[in-house]
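Asker: Give me a model of this one.
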Amino acid sequence: MLRGGVGRVTVRGVAELAGTTTRAVYVRFGGREGLLRALYRDAAMQMTGHHHAVPESDDMLAEVTALALAYRSGALSRPNAYALLMSTPPEVFEPGPDDRAISLESLERVVRALRRFASSGQLAACSPEEAGLQLWSLVHGLASLELRGVLGSGGPGGPQAEAVWRSAIATHVAGLGATR
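Answerer: Sure, this is the predicted structure:
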């Protein structure tokens, strides 16, 4: 549905894809902006679902790796939704404060884990909030590169890409445990 990017999404195109009328789409979503908002929120909730499915662990490397790979899974399973969530230019769609709050629930799951690790002495390099932003930056970069097919010769979802993810996360977690 998002072939050609979010900027090409039209009410008519969505109506045709759904086998309904444009009027039905307007009634349900109020127009293109409402439709994009609904898609954005759905993408955010799915990413949060991936993170909430990760069980808590006493091992920072194990849990942070699982959370990072959950992010990867979310990006790979719905690359167009991921692009809407993370890469849509503001002139095409600008999420409002409520939309952003929904999208940040996924990050909050990660920060809660990092707070646990900070209280147990495993996180020493920075605050849990700063570590969460660093981790988000890392996994977003990895996901973006993998979706473009440049993170290993196996292409998106391949074992070489996963090996890069695991190595990058292990290096980052080792740094998070270092004392200042």
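Asker: Let me see the ranges of the helices in the chain.
Answerer: Counting by DSSP state H, the chain has these helices, from start to end: 11-18, 22-29, 32-52, 60-77, 79-87, 97-119, 128-147, 159-177.
Asker: So which of the ones you listed is the most surrounded?
Answerer: Highest mean neighbour count of those: helix 60-77, a mean of 20 (counted as mean count of other C-beta atoms under 10 Å). The C-beta positions use only the backbone N, C-alpha and C, and glycine is treated the same way.
Asker: so that helix versus helix 128-147, what angle?
Answerer: Direction vectors for helix 60-77 and helix 128-147, defined by axes from the mean of the first three to the mean of the last three C-alpha atoms, to 10 degrees, enclose an angle of 40 degrees.
Asker: okay, helix 60-77 in PDB with CA atoms only?
Answerer: Output of helix 60-77 as PDB, limited to C-alpha atoms (Å, rounded to 0.1, in the frame of the first residue of the first chain):
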ATOM      1  CA  MET A  60      21.600  -6.700  30.600                       C
ATOM      2  CA  LEU A  61      23.300  -8.100  27.400                       C
ATOM      3  CA  ALA A  62      20.600 -10.800  27.000                       C
ATOM      4  CA  GLU A  63      17.600  -8.400  27.500                       C
ATOM      5  CA  VAL A  64      19.000  -5.500  25.500                       C
ATOM      6  CA  THR A  65      19.900  -7.800  22.700                       C
ATOM      7  CA  ALA A  66      16.400  -9.300  22.700                       C
ATOM      8  CA  LEU A  67      14.900  -5.800  22.700                       C
ATOM      9  CA  ALA A  68      17.100  -4.700  19.800                       C
ATOM     10  CA  LEU A  69      16.200  -7.800  17.800                       C
ATOM     11  CA  ALA A  70      12.600  -7.200  18.600                       C
ATOM     12  CA  TYR A  71      13.000  -3.700  17.000                       C
ATOM     13  CA  ARG A  72      14.700  -5.400  14.000                       C
ATOM     14  CA  SER A  73      11.800  -7.900  13.800                       C
ATOM     15  CA  GLY A  74       9.300  -5.000  13.800                       C
ATOM     16  CA  ALA A  75      11.100  -3.100  11.100                       C
ATOM     17  CA  LEU A  76      11.600  -6.200   8.900                       C
ATOM     18  CA  SER A  77       8.000  -7.500   9.300                       C
END
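Asker: elements contacting it?
Answerer: For helix 60-77, the contact count by 3 or more C-beta pairs under 8 Å, 6 or more residues apart in numbering; DSSP states H and E identifies helix 32-52, helix 97-119, helix 128-147, helix 159-177 as packing neighbours.
Asker: residue ranges with poor pLDDT in the chain?
Answerer: 1-11, 15, 25, 178-180 (pLDDT under 70).
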